[in-house]
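Peer 1: Quick check, what structure comes out for this input:
(3 chains)
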Amino acid sequence: MKYWLLKSEGSCYPISELKKDKRTSWTGIRNYQARNFMMKDMSIGDLCLFYHSNSKPNGVYGLAKVSSKPHTDETQFNKKDDHYDPKATKEKPIWYCVDISFLEAFKSPVSLDQIKFNTNLDGMMVRAQGSRLSIQPVEEKHFKYVVERMKP
DNA sequence: GCCAACGTTGGC
DNA sequence: GCCAACGTTGGC
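Peer 2: Have a look, this model is predicted:
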């Protein structure tokens, strides 16, 4: 069992949308490191912190679970999609994604400020300056601590 | 809206 | 393979 943090722009696809959809394909990832996490390291049942960036406040808004093996991200072939990649072909896809399922929307988010100033979360990747990676591995102790709502 | 950090591209 | 230029992300 592994733990992850998935970033989404709050205005783009918030946890409330995932709650409605129940399940979605995590498409549009166009970064090799993030893609490789999905292709090689994620397993069905892994738990994910659902993080909103560009929000007020930024932070973890809920939980999701990996619910499929990696498969091709169809948006790479769609010219009308924001994430269209002209270099990708059906024969040689470049981008992959997994499906995730809704687990929980927090009543109140665990804000980035709370995460930053809590010594129990020292070393958590999302705290690092300039950390732009949209899929991040999370240590079990950090995951559990956030889920327990920052209580000791 | 600004801008620092960082990933990607492309010329050499 | 280097690195400058450029585009994007994301916190503020």
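
Peer 1: alpha carbons only for contacts and neighbour counts from here, please
Peer 2: OK.

Peer 1: For stretch A:3-17, C-alpha coordinates in PDB please.
Peer 2: Extracted as PDB, the C-alpha positions of stretch A:3-17 are listed here (Å, rounded to 0.1, in the frame of the first residue of the first chain):
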ATOM      1  CA  TYR A   3       0.300   6.900  -0.400                       C
ATOM      2  CA  TRP A   4       0.200   9.900  -2.800                       C
ATOM      3  CA  LEU A   5      -0.700  13.500  -3.200                       C
ATOM      4  CA  LEU A   6      -2.600  14.500  -6.300                       C
ATOM      5  CA  LYS A   7      -2.800  18.200  -7.200                       C
ATOM      6  CA  SER A   8      -5.700  19.700  -8.900                       C
ATOM      7  CA  GLU A   9      -6.400  23.400  -9.500                       C
ATOM      8  CA  GLY A  10      -9.400  24.100  -7.300                       C
ATOM      9  CA  SER A  11     -11.100  25.900 -10.200                       C
ATOM     10  CA  CYS A  12     -10.500  23.100 -12.600                       C
ATOM     11  CA  TYR A  13     -11.500  19.900 -11.000                       C
ATOM     12  CA  PRO A  14     -12.200  20.200  -7.200                       C
ATOM     13  CA  ILE A  15     -13.000  17.300  -4.900                       C
ATOM     14  CA  SER A  16     -16.700  18.200  -5.100                       C
ATOM     15  CA  GLU A  17     -16.600  17.200  -8.800                       C
END
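
Peer 1: can you tell me the average pLDDT over it?
Peer 2: The average of the pLDDT scores along stretch A:3-17 is 96.

Peer 1: Could you give the bridge partners of the residue nearest in space to the middle of chain A?
Peer 2: In chain A, the residue lying closest to the centroid (C-alpha atoms, centre = their mean) is A:Leu6, at 1.2 Å. In this entry, A:Leu6 is beta-bridged to A:Phe50, A:Ile135, by DSSP bridges.
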